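Colleague: one predicted model, sequence on top.
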Amino acid sequence: MATKTIVKPAQSPAALGPYNHAIRVGDLLFCAGQIPADPATGNLVAGGIQAQTERALLNVKAILDDQGLTFAHVVKSTVFMVNLADFAAMNEVYARYFTHDFPARSTIQVAALPKGASVEIEVVAHF
């Protein structure tokens, strides 16, 4: 049976509840959804969907970096959005992080996200 390793990067915003930033099992890394919280303050970043998407992806990057991975290692992502009318603007920022060999992705509209965020992004990566 593969070992389960808990991942809590020092550069990541504090978890908002009883969960971990990521769990490594075998050659897979399962990352919890990241909202656009500033790691230094825990507060949401100012700005619209593009600023929030940028910060959420930087929070994902902190987890990947901690494990020696890049966005090229991501095989699946899920984007949760409060307003799908913001999809094109979110996608513009997202495309700067996933530049080739795009992961499989789902995008889901939700009623609300923690702290009033407009976007949350989770990923699964492989080693």
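Modeller: Received, thanks. Numbers count the residues shown, from 1 in each chain.

Colleague: and the strands in the chain?
Modeller: Taking DSSP state E as the criterion, the chain contains strands spanning 4-7, 22-25, 28-31, 74-81, 104-109, 119-126.

Colleague: out of those strands, nearest to residue 49?
Modeller: Comparing the strands of the chain by their distance to residue 49 (CB to CB), the top pick is strand 119-126, with 6.3 Å. Glycine gets a C-beta too; all of them are placed from N, C-alpha and C.

Colleague: quick one: list the elements packing against the closest one.
Modeller: For strand 119-126, the helices and strands in contact under the criterion 3 or more CB pairs under 8 Å, 6 or more residues apart in numbering; DSSP states H and E are strand 28-31, helix 49-66, strand 74-81.

Colleague: contact partners for residue 43?
Modeller: 37, 115 (CB atoms under 8 Å, 6 or more residues apart in numbering).

Colleague: do the same with residue 123
Modeller: Residues in contact with residue 123 (CB under 8 Å, 6+ apart) are 31, 60, 64, 74, 76, 77, 78, 103.

Colleague: ok, now how distant is it from residue 111?
Modeller: Counting by CB to CB, to the nearest Å, the separation of residue 123 from residue 111 is 22 Å.
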